[in-house]
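Chemist: Okay, predicted coordinates and the sequence, questions at the end:
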Amino acid sequence: MLCFLQPNTREAALHAQNTLLRLQLIAVMRILRSLLGTRAIPFTNDERREIAGAAKLLGWREASESLFIGAISTVRGWFRHLVQRHQRTPRKKARGPGRPRIAGWIERLVCVIARRCSAWGYGKILGMLGMNGGSLCKSTVANILKRNGIPIAPVRTRQSRRWKRYCAAHWRQFAACDFFTVPVITLAGIRTVYVLVVIHLATRRIHIAAVTQHPDSVVMRNVARALTMDGGILAQWGARILLHDGDGIFQKTGFDGVASGTVKVIITAPRAPNMNAHCERVIRSIQEEFTDRFWFVGDTALRCGLAEYCRWYHRHRPHQGIGNRVIDPGPETGTAVGSIRMRSRMAGTLVHWERVAA
């Protein structure tokens, strides 16, 4: 059975409920004010819009008597700015002055083309760019190269022809040779013996091509034939380029004339020892590790000693130029079974350590 309250009783109940809610909200606002201090209550724009709309619907005069979150002027300001004013669409970010920036992929492609094709000028770069959907002018290409520190085509061409790049392009085909001298005791006294060393740059293999006191035309021509013949050491290495310095022994004895028939002979520039640095370094190793520690009696003793050094050099000596590996490793190299013992050659001058089978 439903019981409807009389109008006066209903209004009294609603008034009591509103009074209770108001007292609770006043208490909550007092606590919030004490926590926030002088700071404003952080209402969102949606909350401000709803409060301002309800106050407008109730009437500003009646709403001013019920507001306790702020002044009526503040709520009216919310109404003007958030309810009456239409929502504006966000404005696009204004573009700065000047031309728009070049697309990133276009700039990267220009740099790649310029570095890869050093002889290409602005025109060829533009042509390749146009084939791939890019459109620029020559001045823009010039600015891109300048911004990325890439020089113009003539400078890039000179840089691309440097000796280091040439060696890298023909690394497997390069062999170098050079002379060094060793004092030898003979019956006629101390004589100087010339030793010709040949090295393959890619593998670091060496070959003693000549040991003689008189590197005349007969000796040097025979050495050139032995090096460049079919089945010779250069053919075994796959070398097609022979590098040496401007020593008169090579040119005056006809060595270059014989060798140039099958391989390309390159003479280093004057006062440029770094062009033949690998051969210079292996000669230093031979001298420091072997020849400077002995007195040799006769050419034969020197030849036998150098042959023993070459065997040790290829089979037991690690080389930093090829990753600290041995050129011709034996079956015991790299194993982890057995005890380690030191082996020596040439009166303990050439030593190495290896595993001994159990």
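Modeler: Arrived safely, thanks for sending. Numbering: from 1, shown residues only.
Chemist: Might you quantify the distance of the top helix by length along the chain from its chain's geometric centre?
Modeler: The residue-count maximum for a helix in the chain (DSSP state H) belongs to helix 7-36. From the chain centre to the centre of helix 7-36 is a distance of 73 Å (Cα atoms, centre = their mean, to the nearest Å).
Chemist: I'd like the average pLDDT over it.
Modeler: In this model, helix 7-36 carries a mean pLDDT of 72.
Chemist: and if you look at stretch 345-358?
Modeler: 82.
Chemist: burial count for the nearest residue to residue 273 once chain neighbours are set aside?
Modeler: Distances taken as Cβ to Cβ, 6 or more residues apart in numbering place residue 280 nearest to residue 273, at 6.0 Å, with adjacent residues excluded. For glycine as for every other residue, the C-beta is placed from the backbone atoms N, C-alpha and C. Look at residue 280: counted by other Cβ atoms under 10 Å, it has 17 neighbours.
Chemist: swap in residue 39?
Modeler: Residue 39: 8 neighbours (other Cβ under 10 Å).
Chemist: how near is it to residue 78?
Modeler: 18 Å (Cβ to Cβ, to the nearest Å).
Chemist: and if you look at residue 352?
Modeler: Residue 352 is 91 Å from residue 78, by Cβ to Cβ.
Chemist: same deal with residue 193?
Modeler: With Cβ to Cβ as the criterion, residue 193 and residue 78 are 105 Å apart.
Chemist: Equivalent analysis for residue 49, please.
Modeler: Where residue 78 is concerned, residue 49 sits at a distance of 7 Å (Cβ to Cβ).
Chemist: Name the residue in these two with the higher neighbour count.
Modeler: residue 78 (22 against 16).
Chemist: neighbouring contacts of the one helix or strand that one maps to?
Modeler: According to DSSP states H and E, residue 78 maps onto helix 72-78. With contact meaning Cβ atoms under 8 Å, 6 or more residues apart in numbering, helix 72-78 is reached by 48, 49, 51, 52, 55, 60, 63, 64, 67.
Chemist: okay, those in a markdown table with pLDDT next?
Modeler: Output for the contacts of helix 72-78, formatted as a markdown table (pLDDT from 0 to 100):
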| residue | pLDDT |
| --- | --- |
| 48 | 81 |
| 49 | 83 |
| 51 | 81 |
| 52 | 81 |
| 55 | 80 |
| 60 | 80 |
| 63 | 77 |
| 64 | 78 |
| 67 | 76 |
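Chemist: ranking those by neighbours, who comes first?
Modeler: residue 52 leads the contacts of helix 72-78 on contacts (other Cβ under 10 Å) with 22 neighbours.
Chemist: Could you report the separation of that one from residue 245?
Modeler: 94 Å.
Chemist: and what of residue 27?
Modeler: 101 Å.
Chemist: and if you look at residue 127?
Modeler: Taking Cβ to Cβ, one finds residue 127 at 44 Å from residue 245.
Chemist: And the two? Which one has more around it.
Modeler: Using other Cβ under 10 Å as the criterion, residue 127 and residue 245 rank with residue 245 on top: 20 against 10.
Chemist: quick one, what contacts that one?
Modeler: Contacts of residue 245 by Cβ under 8 Å, 6+ apart are 178, 267, 268, 273, 276.
Chemist: Which one (most neighbours) among those residues?
Modeler: Highest count within these by other Cβ under 10 Å belongs to residue 178, 22 neighbours.
Chemist: In a helix, it, correct?
Modeler: No - counting by DSSP: H, G, I helix; E, B strand; the rest coil, residue 178 is located in no helix; its state is strand.
Chemist: Show the pLDDT at it.
Modeler: At residue 178, pLDDT is 94.
Chemist: which element is the closest residue to it other than its chain neighbours on?
Modeler: Distance criterion Cβ to Cβ, 6+ apart; nearest residue to residue 178, sequence neighbours excluded, is residue 279 at 4.5 Å. Using DSSP H and E, residue 279 sits within helix 277-289.
Chemist: Alpha carbons only: can I get that helix in PDB?
Modeler: Only the C-alpha atoms of helix 277-289 are listed here, as PDB (Å, rounded to 0.1, in the frame of the first residue of the first chain):
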ATOM      1  CA  ALA A 277     105.000  -0.600 -44.400                       C
ATOM      2  CA  HIS A 278     104.200  -4.400 -44.200                       C
ATOM      3  CA  CYS A 279     107.400  -5.500 -45.800                       C
ATOM      4  CA  GLU A 280     109.400  -3.000 -43.600                       C
ATOM      5  CA  ARG A 281     107.700  -4.400 -40.500                       C
ATOM      6  CA  VAL A 282     108.400  -8.100 -41.400                       C
ATOM      7  CA  ILE A 283     112.100  -7.200 -42.000                       C
ATOM      8  CA  ARG A 284     112.200  -5.600 -38.600                       C
ATOM      9  CA  SER A 285     110.800  -8.800 -37.100                       C
ATOM     10  CA  ILE A 286     113.400 -10.900 -38.800                       C
ATOM     11  CA  GLN A 287     116.200  -8.700 -37.600                       C
ATOM     12  CA  GLU A 288     115.000  -8.400 -34.000                       C
ATOM     13  CA  GLU A 289     114.000 -12.000 -33.600                       C
END
